[in-house]
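Asks: Below is the structure, and that's it, no one-letter string:
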């Protein structure tokens with residue numbers, strides 16, 4: 001059996017989407033023992049194709065919505081004569097001419113159309129929707145997205161498979177490693193004893209203005225770390241907090257992020273909606289006490305291992321942040337609960353579950 005993995009990395013993909021592609025390329029060839037795996041990529045140096053045959057595609061094929069993606073890519077796939085092709089992101093051809101699986105992490109652009117350009121809405125309507133309806137199976141990360149796939153794209157729930165994402169082992173630190181990493185993070189970024197971390201992009205649905213407002217309301221001295229590059233949709237200078245500062249280190253490495261999580265008073269995921277909540281899992285794995293916005297996928301991921309607030313309730317978030325500063329035992333309980341919960345999420349299991357989907361489809 002031959003399976004083609006579409007491992008293109010495009011500029012429209014989020015950090016989480018790229019992590020998923022890289023982890024699947026690394027693990028699926030081992031999970032699909034005895035299967036001929038062919039990896040299509042435009043960036044061979046960024047994906048580990050050592051366990052499968054890699055085919056380089058031109059950059060034009062990685063331009064989402066263009067002629068290369070919609071017409072040239074299907075031709076490349078068909079020439080490989082696959083039994084199945086898996087498009088590892090929502091960026092895929094409308095039709096490919098062979099059995100296909102696709103992964104759609106979320107439909108946030110359709111839930112919040114005001115936050116997306118007209119081009120994105122057209123892409124989902126005329127490309128993603130038809131492709132998803134033609135797919136033999138749509139893989140998504142959380143049960144909460146199944147209803148969205150039916151509502152917005154017309155994909156029947158029986159053709160959707162829920163496969164949670166995993167957590168890289170680099171976030172799972174021993175107690176000694178956590179203490180050392182925490183010291184390094186404070187020294188590297190010049191942080192106070194108490195600081196909170198948000199890790200992720202700055203798109204409007206990430207709800208950073210609520211987090212900033214909540215942090216400014218915290219009476220105790222503390223800093224706020226906001227990672228990744230890109231503009232913020234709120235002013236970070238307005239109404240400054242006199243006993244704390246906002247630190248914007250831009251993109252940080254996995255080791256640096258793990259250290260920030262290890263040393264923080266709390267990691268906050270304030271999103272209006274998430275398809276999964278990979279950042280929450282990584283924070284829990286590193287031992288950070290986690291505060292989550294009360295949205296379906298985040299609640300699904302965290303279970304009882306985090307404290308939660310209504311997404312736009314800055315006052316409630318302020319109270320949680322103050323509680324974590326004041327109550328060391330609460331921090332310890334959440335840290336331990338998060339580490340236990342994070343064990344349920346493994347990239348190897350994500351790959352094995354995906355391989356089982358392939359086997360089921362090929363046996364039909």
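Replies: Okay, I see it. Since the model is a prediction, treat every value here as computed from it, not as a measurement.
Asks: show me where pLDDT drops low in the stretch 151-300 of the chain?
Replies: Within the stretch 151-300 of the chain, no stretch has pLDDT under 70.
Asks: Can you classify residue 76 by secondary structure?
Replies: Each residue gets one of three states, and residue 76 gets helix by DSSP: H, G, I helix; E, B strand; the rest coil.
Asks: all strands in the stretch 101-250 of the chain, in order from the N-terminus.
Replies: Along the stretch 101-250 of the chain, counting by DSSP state E, counting those that start in this stretch, strands occupy 137-140, 160-162, 195-198, 223-227, 246-250.
Asks: I'd like a version of those strands in a markdown table, one that adds distance to residue 277 as further columns.
Replies: Backbone N, C-alpha and C define where each C-beta goes, glycine included. Formatted as a markdown table, the strands of the stretch 101-250 of the chain follow (distance: least, CB to CB, whole Å):
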| stretch | distance to residue 277 |
| --- | --- |
| strand 137-140 | 13 |
| strand 160-162 | 14 |
| strand 195-198 | 13 |
| strand 223-227 | 16 |
| strand 246-250 | 22 |
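Asks: would TSV of those strands with distance to residue 310 and mean neighbour count be doable?
Replies: Shown next, in TSV, are the strands of the stretch 101-250 of the chain (distance: least, CB to CB, whole Å; neighbours: other CB atoms under 10 Å):
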stretch	distance to residue 310	mean neighbour count
strand 137-140	25	23
strand 160-162	25	18
strand 195-198	17	26
strand 223-227	20	23
strand 246-250	23	14
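Asks: between the ones you listed, which gets nearest to residue 319?
Replies: With CB to CB, the closest approach to residue 319 among the strands of the stretch 101-250 of the chain belongs to strand 195-198: 13.4 Å.
Asks: what does the closest one contact?
Replies: Strand 195-198 has contacts (CB atoms under 8 Å, 6 or more residues apart in numbering) with 186, 208, 211, 215, 222-227, 247, 260-261, 263-270, 283, 288, 321.
Asks: what about it, distance to the chain center?
Replies: Strand 195-198 sits 18 Å away from the centroid of its parent chain (CA atoms, centre = their mean, to the nearest Å).
Asks: What of stretch 209-218?
Replies: Worked out by CA atoms, centre = their mean, stretch 209-218 lies 23 Å from the chain centre.
Asks: In the stretch 101-250 of the chain, mark out all the helices, start to finish.
Replies: For the stretch 101-250 of the chain, helices defined by DSSP state H, counting those that start in this stretch occupy the ranges 108-111, 118-123, 129-134, 144-153, 175-189, 208-216.
Asks: Out of these, which is the most enclosed?
Replies: Stretch with highest mean neighbour count among the helices of the stretch 101-250 of the chain: helix 208-216 (a mean of 21; mean count of other CB atoms under 10 Å).
Asks: counting contacts, what elements does it pack onto?
Replies: Judged by 3 or more CB pairs under 8 Å, 6 or more residues apart in numbering; DSSP states H and E, helix 208-216 is in contact with strand 195-198, strand 223-227, helix 314-326.
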